[in-house]
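*Asks:* Mind looking at a prediction? Sequence and model below.
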Amino acid sequence: MVLPAIAGILALIALLTFLGVLLGIFTGLVPGIHVNLVSFLIVSSAASIFAAVSVFTGDTATAALLAASLITGMMISHSFLDIIPSVFLGAPDPAASLSVLPGHRLVMEGRGYRAVLFSAYGSLGALFIGLALLFPVRFVMGPPGLAYEKLLPYMADILILLVLFLMVQEGNKAKGKEKYERMGYAITSFFLAGFVGFLLLDTPNISPLFIAPVQTDSSTRVFFPLFTGLFGLSTLIISLRDNAEIPEQNTEERWDGYGRRGKLSTVTGTIAGLLVGWFPGITSASATSAVKSISKEDRAEDFIMSVSGVNTAGVLFSLVALFTIMKARSGAVHAVQNILLAGGNGIAEWNAFLPPTDFAALLFSATLASVFAFFLTLKIGKYAAEKMSGINYPLLVKGVSLFLIIMTVILAGPFGLFILMLATAIGMIPAVAGISRVHLMGVLLFPIILYFSGLDVWLLHLLGVVG
């Protein structure tokens, strides 16, 4: 009786994972709709979901695991599919923001589908490399190695070194006076974005200012207008300024990327995903930029592979961190945590050699979702490439921009619209100055550095925000 019961549970996990993949198609392709928002809605509906699923499972703990599989499938498929709007529309998810410019170069050469192809293989490769590294990472970062615990007191120093490294790398792209100009723009972008992020994330009682028609969680109210402005609307406005026209795309591209450079890009993406999944404040964009600067790989396809790989590996390693140190590193993983806790059995810590049953089930879900999402990304990406050359691109960009503005008002209200406009203005600085947009990740890095250094409360007092 045990084997049929296990087979039945696995079949239900596969079904819920597939439904999550369908949600991931929605969040990945529609600009401005993020997995964190949908995850919040799923958590808000947990009681109804448990009641419906419990009819098949008989208990809320299994129903919670199935709901967690739904979110896992959505997270993984989103990390595959978000390349499509990033490349063809220039309206990226923040995690895919660095892939926009290399992707646009390929689109303007008629090779947009090639960007999607390399992205899909980068994500799939990083997922399987991550699975191979699962046990070593668990035992180095958690007990007995305890690397995470030992490094945590030095997080402020690590993040400061990362920021300095990225700024120096920006300056090294030029010589003479231009070198210092680039560094100046990088510093300006970092601190402007960082100061806005600090005020929004650390100011007490700021949440009531976001009076919106739709009730959402506080992170969605803040992050939606903030990241949409920094990485979405600003990019769209720049593309309108450039009056770009999409040439006919070659959809007969074939995969040729797993040579030395492709393998290196996939490995660097996986390493960056490890950093994102375990450490607070290290974003996909900043980790990828740092690792790619070290590897010196600058081909557009290789960079896209790394960015996509870090997003998918980041999801995997954030699940590892959840079950090892009980920390959620994203809104969606926090939703998984809440769902499992609501199920009644809690979260079993991975403190033995074999992983807990719930974690093994979510690994099964993540692997299955990756296979589904891989083929869907190629199929949808080819369709998008075929249709892009026949549409009015400026009109499409204006339509997407209007959609983002409307969604901001719905989700974050008038104050959210103000944040969107402010963030858009800051987000245009790197594009106008010709520097990398990774410095805009100061929006998260700056407040987290202040937190770990203990200076956040001091700055709030200095600004008169708290008494």
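*Replies:* Arrived safely.
*Asks:* Next, give phi and psi for Asn172.
*Replies:* phi -70, psi -10 (degrees, to the nearest 10).
*Asks:* wouldn't it be in contact with Lys179 here?
*Replies:* Yes. Using Cβ atoms under 8 Å, Asn172 is in contact with Lys179, at 7.3 Å. For the C-beta atoms, the positions are set from N, CA and C on the backbone; glycine is no exception.
*Asks:* More neighbours: which of the two?
*Replies:* Higher neighbour count among Asn172 and Lys179: Lys179, with 15 against 12, using other Cβ atoms under 10 Å.
*Asks:* you'd agree that one is up against Gln169?
*Replies:* No. Taking contacts as Cβ under 8 Å, Lys179 lies outside contact range of Gln169: 11.2 Å.
*Asks:* Could you count how many residues lie near Leu10?
*Replies:* 14.
*Asks:* following the helix or strand bottoming out on mean pLDDT in the chain, which helix or strand shows up next?
*Replies:* Of all helical and strand segments in the chain, the minimum by mean pLDDT, DSSP states H and E falls on helix 284-295, at a mean of 61. Using DSSP states H and E, the helix or strand that follows helix 284-295 towards the C-terminus is helix 300-325.
*Asks:* quick one: average confidence on whichever helix or strand comes after that following helix?
*Replies:* Following helix 300-325 in sequence order, the next helix or strand is helix 331-342 (DSSP H and E). For helix 331-342, the mean per-residue pLDDT is 88.
*Asks:* And what about Pro144, helix, strand or coil?
*Replies:* coil (DSSP: H, G, I helix; E, B strand; the rest coil).
*Asks:* Against Lys150, how distant is it?
*Replies:* According to Cβ to Cβ, to the nearest Å, Pro144 stands 12 Å off from Lys150.
*Asks:* residues in contact with Ile426?
*Replies:* Counting by Cβ atoms under 8 Å, 6 or more residues apart in numbering, Ile426 touches Ser189, Leu192, Ala193, Val196, Gly229, Leu230, Ser234, Leu440.
*Asks:* just Ala147 next, same as before
*Replies:* Contact analysis of Ala147 by Cβ under 8 Å, 6+ apart lists Val140, Met141.
*Asks:* where's Trp278 relative to Pro102, distance?
*Replies:* Taking Cβ to Cβ as the measure, Trp278 falls 26 Å from Pro102.
*Asks:* do Gly28 as well
*Replies:* Distance of Gly28 to Pro102, computed by Cβ to Cβ: 18 Å.
*Asks:* How many residues are close by Asp165?
*Replies:* That one is not Asp; residue 165 is Phe. When neighbours are counted by other Cβ under 10 Å, Phe165 registers 15.
*Asks:* Tell me the pLDDT of it.
*Replies:* 87.
*Asks:* what do you get for the one 5 residues further on?
*Replies:* Model confidence at Glu170, expressed as pLDDT, equals 88.
*Asks:* Ramachandran angles for it?
*Replies:* When read as degrees, to the nearest 10, the backbone of Glu170 gives phi -60, psi -40.
*Asks:* Hmm, it is touching Arg182, no?
*Replies:* Yes. With contact defined as Cβ under 8 Å, Glu170 and Arg182 form a contacting pair (5.1 Å).
*Asks:* Quick check: neighbours shared by those two?
*Replies:* Common neighbours of Glu170 and Arg182 (criterion: Cβ under 8 Å, 6+ apart): Ile435.
*Asks:* Okay, and Leu274 sits in which element?
*Replies:* Under the criterion of DSSP H and E, Leu274 resides in helix 260-278.
*Asks:* Quick check: mean pLDDT of that helix?
*Replies:* Averaged across helix 260-278, pLDDT comes to 85.
*Asks:* for stretch 433-441, same thing?
*Replies:* 85.
*Asks:* what about Ala156, how many neighbours?
*Replies:* Neighbour count of Ala156, defined by other Cβ under 10 Å: 17.
*Asks:* Who has more neighbours out of Pro144 and Lys150?
*Replies:* Legend: neighbour count by other Cβ under 10 Å for Pro144 and Lys150, higher for Lys150 (10 against 6).
*Asks:* That one is in what secondary structure piece?
*Replies:* Element membership of Lys150 [criterion: DSSP H and E] is helix 147-151.
*Asks:* gap between that helix and the chain center?
*Replies:* 24 Å (Cα atoms, centre = their mean, to the nearest Å).
*Asks:* Using CSV, write out the CA atom coordinates for it.
*Replies:* Extracted in CSV, the C-alpha atoms of helix 147-151 (Å, rounded to 0.1, in the frame of the first residue of the first chain):
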residue,chain,number,x,y,z
ALA,A,147,30.2,28.7,6.5
TYR,A,148,27.0,30.8,6.4
GLU,A,149,27.1,31.4,10.2
LYS,A,150,30.8,32.2,10.1
LEU,A,151,30.4,34.7,7.2
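*Asks:* neighbour-wise, which of Gly28 and Pro102 wins?
*Replies:* Gly28 (28 against 20).
*Asks:* What residues does that one make contact with?
*Replies:* Ser77, His78, Ser79, Phe80, Leu81, Asp82, Ile84, Pro85, Asp93 are the contacts of Gly28 under Cβ under 8 Å, 6+ apart.
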